[in-house]
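In: predicted structure and sequence below. I'll ask about it afterward.
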Amino acid sequence: MSGDRKSGRSSLRDAAETPPEIDEMLGGRAKEAAKPRPSLFRKKPRKAQSGAERKSGGAPARKPLSQARFAVIGIVFVSVMGASLLRFADMAAERRDDVEPAYATGLVDAEKAADLAEKLAEASEDGAPEPRRPLRAPIIDRNGAALARDVVTYDLYLDREAFAFPEDLSEAAEMVAAAFPGRLGEADVKAKLKATRSPLLAWSLTAREAQRAHDLGVPGLYLTPSYDRYYPVGAAAAHVLGHVDFGGVGRSGVEGALDARLKADPETPLQLTLDMRMQRATRSALLDAMARTEAIAAAGVVMSAATGEVLALVSLPDFDPHHRPPSPTTAAEQESSPLFHRAAIGLYELGSIVKTVTWALALETGAATMADAFPPMPPLTFGDHTIEADKRNEGVSFPMAFARSSNRIAAELALLSGRPAQRRLFERLGLSEALPLELGKARLSAPPRSRERWRDVDTAVAGFGYRVEMTPVHIAAAVASLSNGGERVRPTLLRRAPEEALGPRERVVSAETSRRLRELLRLTVTDGTGRRADAPGLRVGGKTGTADKAVRGGYDETRAVASFVAAFPIERPELIVMVMLDEPKVEVDGEIRGWASLTAAPAARDVITAVAPLAGVATAPDPALQAAAPEAW
């Protein structure tokens, strides 16, 4: 190690150290005591002393020098030392401004490190790694809170050509491995040294770990500064942010979708629409709901009804972004993996939530009106598939059929509206296209059957949410478009200027249809299946959905996906909340059920009451809006 070791230590301590919490999250082991090391330089055995040496205190007998010879040697010595000091002063003056700040800590020799990096870049054929990544821009939430940023870390290299004897190189490998127990193995270090001249032994060392390596005093041991990605919010936004690979390339989430932007302008933070206060509140409510219902997974979305800005996007289980679990290798592993983004990538048959589209379609096409009522209907049969009659809803009105979630009437309305109209509304709402979210891997939610093979039975069951798959974000955006006055919103995670956020305003349904649908959503919460989602003073409207999970050859009635979508305040929605629980379980009359009315609706209420004050939504309705309250049926 070149340079004064003492000055190296003090300058490192004077430098900005990695904060303890970052040191811990990046895998630092700063508190581990370095093991005592053997000397890398062996002492030569002493020769037997003569009698003269013993009399003189151990020093060998020397012949006295003449004064003239002593004077000549002194003059030569002073001259050489003076010239050397002048040369060193000139070199220091020349290099003072050239030393890169990263090397000014005394950890490494700047010239040797630069030479090493150049050799590593040219040595890819012998297995040496490429130089580490450049700086990336920070990511912040809508309020400026840090979500992701780069921190300085260090990569550790060992140059075997710094050792004249194999035994010294072997001893150095032992010392380095001993300094990082559990992270470096002695055999692994020796194997790397055998394979290449200057192997990369460890990367992403914190400042404290780098100091530990520096203090070993091993010649040929070099530390080069690099950057590592640090996520201050931990698991809370792991699925949204994604990750960066070893070479500095974004591979998932926002890091992957906006990789070019983050590398092109590293000085300007990338601002997202997320509000971390709402993100944490939504996550906390969903964790409670999972524990209460024993659900295996959950997802949550909070969205602006006017702009489509995603304020919270949660997928559970989640993970620590600094210690990512292994990637799944099979479809079954992917579905259960904490890396799987259930809110934005998972495709589900969501059941009765899709009735919001069916009832809006019936109103828009004139297939039915708010004043209609339905007589008792027989079962609807298509070959070997039968949609049973709903005896609970015989003779029910159009609004109450929605509030009580009748599958049989939903099928009837879908058939009356017709497949072409159903397909067009699905397309206008974005339910048949890739999710336009800045996550890089959003998938299509198009029906599994091609349009040529779409049959009447498919149209009928799609009316109540079967055989059409979508993500929770898809349905949240669709309900936002249907309830905000009928103008489509496209979900986004990228914060834009106010004049850019809305984008082109495309009408999907008339303002009158949108108003009537809001009345239906409110009725569901006051008198229908969504009563447990009502939040006092917030006038919530919404819709439940319970769908049996598809299995090979049919559906498993013992496992269900339960969901609830809400809009509030319902007279003029500001926020959309979508909650999904995978395989929730509640006991009803001694039987285990997964009904959304008992599982997802209460979870949605918890999210609503937590995020409403953060969004500035009043808990008491404006008196002027009370006059526009939904009609009573």
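Out: Here it is on my side, so go on.
In: in stretch 608-618, what counts as buried?
Out: For stretch 608-618, the neighbour count (16 or more other Cβ atoms under 10 Å) marks 608-612, 614, 617 as buried. From N, CA and C alone the C-beta is placed, and that goes for glycine too.
In: ok now it, how far from the chain's centre?
Out: Distance of stretch 608-618 from its chain centroid, counting by Cα atoms, centre = their mean, to the nearest Å, is 24 Å.
In: cool, stretch 197-204 as well?
Out: How far stretch 197-204 lies from its chain's middle: 28 Å, per Cα atoms, centre = their mean.
In: any chance you could map the helices in the stretch 101-250 of the chain?
Out: For the stretch 101-250 of the chain, the helices defined by DSSP state H, counting those that start in this stretch occupy 110-122, 166-179, 186-195, 207-215, 238-241.
In: pick the most buried one from those helices.
Out: Highest mean neighbour count of those: helix 238-241, a mean of 26 (counted as mean count of other Cβ atoms under 10 Å).
In: who are the packing partners of that helix?
Out: Counting contacts by 3 or more Cβ pairs under 8 Å, 6 or more residues apart in numbering; DSSP states H and E, helix 238-241 packs against helix 253-257, strand 310-316.
In: Ala299 versus Ala331, what's the distance?
Out: As for Ala331, its distance to Ala299 is 19 Å (criterion: Cβ to Cβ, to the nearest Å).
In: output the below-cut-off pLDDT ranges for the stretch 51-200 of the chain.
Out: 51-132 (pLDDT under 70).
In: and if we set it to 50?
Out: 51-65, 92-114, 116-117, 120-121, 123-131 (pLDDT under 50).
In: so in that sheet, which strands flank the strand ranked longest in the chain, and in what orientation?
Out: Using DSSP state E, we find that the single longest strand of the chain is strand 554-568. Paired neighbours of strand 554-568 in the sheet (DSSP bridges): strand 541-551 (antiparallel), strand 575-582 (antiparallel).
In: what's the most buried one of those strands?
Out: strand 575-582 (a mean of 30).
In: got the angle between that one and strand 310-316?
Out: Interaxial angle of strand 575-582 relative to strand 310-316 (axes from the mean of the first three to the mean of the last three Cα atoms, to 10 degrees): 10 degrees.
In: convert the C-alpha atoms of strand 575-582 to CSV, please.
Out: Coordinates of each C-alpha in strand 575-582 appear next as CSV, following Å, rounded to 0.1, in the frame of the first residue of the first chain:
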residue,chain,number,x,y,z
LEU,A,575,-59.0,9.5,-4.8
ILE,A,576,-59.5,6.0,-6.0
VAL,A,577,-58.5,3.2,-3.6
MET,A,578,-58.2,-0.4,-4.8
VAL,A,579,-57.5,-3.3,-2.4
MET,A,580,-57.0,-6.9,-3.3
LEU,A,581,-56.5,-9.9,-0.9
ASP,A,582,-55.3,-13.3,-2.2
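In: can you pull up the most central residue in the chain?
Out: Ala238 (2.4 Å; Cα atoms, centre = their mean).
In: check contacts around the nearest residue in space to that one that is not next to it in sequence.
Out: Nearest non-adjacent residue to Ala238, counting by Cβ to Cβ, 6 or more residues apart in numbering: Pro321, 4.5 Å away. Contacts for Pro321 (Cβ atoms under 8 Å, 6 or more residues apart in numbering) come out as 231, 234-235, 238, 241, 243.
In: return the member of those residues nearest to Asp456.
Out: Closest approach between the contacts of Pro321 and Asp456, by Cβ to Cβ: Ala238, at 43.8 Å.
In: was I right to think the closest one contacts Ser252?
Out: No: Ala238 is not in contact with Ser252 according to Cβ atoms under 8 Å; the separation is 9.8 Å.
In: tell me the pLDDT of the residue nearest to Ala238.
Out: With respect to pLDDT, Pro321 scores 94.
In: and what of Arg424?
Out: 95.
In: burial of it, as a residue count?
Out: For Arg424, the count of nearby residues is 15 (other Cβ atoms under 10 Å).
In: quick one: which helix or strand includes it?
Out: Here Arg424 sits within helix 419-428, counting by DSSP states H and E.
In: and the next helix or strand past that helix?
Out: Next helix or strand after helix 419-428 toward the C-terminus (DSSP H and E): helix 456-462.
In: for the helix or strand that that following helix is followed by, the averaged confidence score.
Out: Going down the chain from helix 456-462, the next helix or strand is helix 472-483, by DSSP H and E. The pLDDT scores in helix 472-483 average 97.
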